[in-house]
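Engineer: A predicted structure for the sequence below; I have some questions about it.
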Amino acid sequence: MEIKGAIIRSARLRKHLSQANLAAGICTQGTISLLEKHDQCVSMDILYAVCLRLNIQPQEVICQSTVLTPQRLQDALILFMQEDVDGCAQILSTIRTGAGMTATIRRQYFTLSGLVALAQQHNLTSAISLFGQAVNEEQVGEWDIFRLLAQLGYGCAHFRKNAMTQADYYIRSARMSIEERPQLHHPYGLESNLLLLLAEGELALAQWNYERAAMLVHEGLAKLRANGKLFIIDRFLFLFAQISHAMGQKQETAHYLDGALWLATLREHDDMKRRISAKVKEWQMSICYHFHQEEGSQFPG
């Protein structure tokens with residue numbers, strides 16, 4: 001029997017519980033860590049108690065099969081869109097691939113693997129290879145969200161490599177894909193649009209087009225506010241801090257670094273915390289880390 005530790009971690013984060021909070025009165029924090037990070041099976045009594053506290057069914061976290069199926073890929077996509085990259089990676093690492101994979105399944109698998117390589121491992125060579133396979137896979141069936149994410153991921157990987165011509169081409173291609181298919185409805189259409197806006201904003205900043213970069217951040221934050229979402233909000237605020245810094249606005253830079261760091265900490269986004277802290281040190285900024293307590297404090301947008 002296998003345990004889907006990624007499901008437990010996602011449910012815990014949705015409830016804003018620490019591992020210690022979840023473990024209290026049930027088991028040790030170490031046991032929760034083993035469940036989440038290593039899919040290690042524990043006694044059924046502990047598993048049932050953890051699931052009860054998280055309001056999830058034990059059947060959701062017990063897995064008997066590791067065969068690659070469309071549902072497993074959908075599960076991985078769900079976790080990625082919940083910003084649980086580790087959980088997405090865990091699912092991908094436990095499934096078996098083989099010659100029986102269809103072109104559609106291969107494209108989806110390459111896309112998700114590329115997203116993990118880009119977001120989790122920062123392995124640009126691997127990410128570019130995987131996205132390249134996804135983008136160039138035989139185009140069968142209807143256009144879907146995985147094709148959009150493959151185009152966008154390919155552009156972002158090239159951007160990280162400072163290959164700006166290729167980055168601009170594939171990010172623009174992703175934008176055209178959305179604009180040409182306004183009829184496309186997908187549970188993660190909003191998140192995909194937000195990822196695209198963030199990529200466009202980062203590209204505009206690199207091209208010294210600060211006005212456009214700021215406009216894209218405003219649009220992204222407005223969509224978050226309108227939909228009551230927090231998806232990648234720390235990354236939007238971090239980008240806004242970089243735009244403010246480029247424009248010589250020290251007070252605004254400190255303000256948005258403060259907000260980004262607080263949100264990254266609150267949401268347990270360790271990679272973002274490291275990136276933001278590195279910029280604080282690089283720019284020799286002094287931030288108060290009280291963004292959420294300031295009276296009248298507002299996000300841009």
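Structural biologist: Right, received. Where do you want to start?
Engineer: which stretches of this structure aren't confidently modelled?
Structural biologist: 1-2, 38-42, 63-68, 96-100, 121, 138-143, 182-186, 286-301 (pLDDT under 70).
Engineer: Now do stretch 209-226: distance to the chain's middle.
Structural biologist: Relative to the chain's own centre, stretch 209-226 is displaced by 18 Å; criterion: C-alpha atoms, centre = their mean, to the nearest Å.
Engineer: What residues of that stretch count as buried?
Structural biologist: Within stretch 209-226, the residues that qualify as buried are 212, 213, 214, 216, 217, 218, 219, 220, 221, 223, 224, counting by 16 or more other C-beta atoms under 10 Å. Quick note: C-beta positions are derived from backbone N, CA and C, even for glycine.
Engineer: again with stretch 230-246
Structural biologist: In stretch 230-246, counting by 16+ other C-beta under 10 Å, buried: 231-245.
Engineer: Which stretches in the stretch 1-150 of the chain count as helices?
Structural biologist: Assigned by DSSP state H, counting those that start in this stretch, the stretch 1-150 of the chain shows helices spanning 5-14, 19-23, 29-38, 44-54, 58-61, 70-81, 85-94, 103-116, 124-136, 145-160.
Engineer: Show the contacting residues for residue 119.
Structural biologist: 85, 271 (C-beta atoms under 8 Å, 6 or more residues apart in numbering).
Engineer: Quick check: phi and psi on the residue most central in space within the chain?
Structural biologist: Compute the mean C-alpha point of the chain, and by C-alpha atoms, centre = their mean the closest residue is residue 83, 3.7 Å away. When read as degrees, to the nearest 10, the backbone of residue 83 gives phi 60, psi 20.
Engineer: which residues touch residue 128?
Structural biologist: Listed by C-beta under 8 Å, 6+ apart, the contact partners of residue 128 are 154, 157, 158, 161.
Engineer: What's the local residue count around the last one?
Structural biologist: Using other C-beta atoms under 10 Å, the number of residues around residue 161 comes to 14.
Engineer: Same question for the first one.
Structural biologist: Residue neighbour count, defined by other C-beta under 10 Å, stands at 28 for residue 154.
Engineer: residue contacts, the residue nearest to it when sequence neighbours are not counted?
Structural biologist: Excluding the flanking residues, the one nearest residue 154 by C-beta to C-beta, 6 or more residues apart in numbering is residue 131, at 3.9 Å. Taking C-beta under 8 Å, 6+ apart, we find residue 131 in contact with 110, 111, 114, 150, 153, 154, 157.
Engineer: Surely the fourth one and residue 114 touch.
Structural biologist: Yes - the criterion here is C-beta atoms under 8 Å, and residue 150 meets it with residue 114 at 7.1 Å.
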